[in-house]
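Chemist: I would like the atomic coordinates for the input below:
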Amino acid sequence: MSVNEQTLIKAAWMARERAYAPYSKFKVGAALENAIGQVFTGCNVEIANYGCTVCAERTAILKAVSEGSLRPGELRKMVVVTETSRPTAPCGSCRQVIEEFANEETEILIVTQLDKVSMRFKHSELLPHAFNAKQIEIL
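Modeler: Coordinates of the predicted model:
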């Protein structure tokens, strides 16, 4: 069963409302769909020491993994929302984490304050030539 795209977008906006961004005021929400149609959400959590900050995309993925509901190759779709006039794609760290759980069909949708899909990518377009398990397989 696949989740309706608008359902994922709404879930991401709801997650964004829970973001903790007291320093930058830049709130991000994310929602993902796993292989069996379950939805997991995440928001960014800022810490005064920015190195400890966790992005919305990674929060959603880590929640799904910690619930036993996401393994490599099972990320079907992810929506990232920001209240900006320009689309905001995932950062490099998030792209690497997405790579770990994505498959060839995984879509990433970027949604802005206009509540419409501003950008749509296959995950491989976000991180071409990604470092992944294939590079560290032991012969």
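Chemist: okay, the spatially most central residue of the chain: pLDDT?
Modeler: For the chain, Glu57 is the residue whose C-alpha lies nearest the centre (Cα atoms, centre = their mean; 3.1 Å). pLDDT recorded at Glu57 is 98.
Chemist: what helices or strands is the helix or strand where it lies leaning on?
Modeler: Assigned by DSSP states H and E, Glu57 belongs to helix 56-66. The contact analysis (3 or more Cβ pairs under 8 Å, 6 or more residues apart in numbering; DSSP states H and E) places helix 56-66 against helix 5-17, strand 28-33, strand 39-43, strand 75-82, helix 92-101. All C-beta spots, glycine's among them, are computed from the backbone N, C-alpha and C.
Chemist: contacts for it?
Modeler: 12, 15-16, 19, 28-32, 34, 38, 40-45, 54, 70-71, 75, 78, 80, 90, 93-94, 97-98, 101 (Cβ atoms under 8 Å, 6 or more residues apart in numbering).
Chemist: Quick one, which of the residues you listed are buried?
Modeler: 12, 15-16, 19, 28-32, 34, 38, 40-45, 54, 70, 75, 78, 80, 90, 94, 97-98, 101 (16 or more other Cβ atoms under 10 Å).
Chemist: What mean pLDDT does stretch 66-85 get?
Modeler: 96.
Chemist: Paired strands for the helix or strand where Glu104 lies, with orientation please.
Modeler: Here Glu104 sits within strand 102-111, counting by DSSP H and E. Within its sheet, strand 102-111 is paired with strand 75-82 (parallel), strand 117-122 (antiparallel), according to DSSP bridges.
Chemist: Tell me the buried residues in that strand?
Modeler: 102, 106-111.
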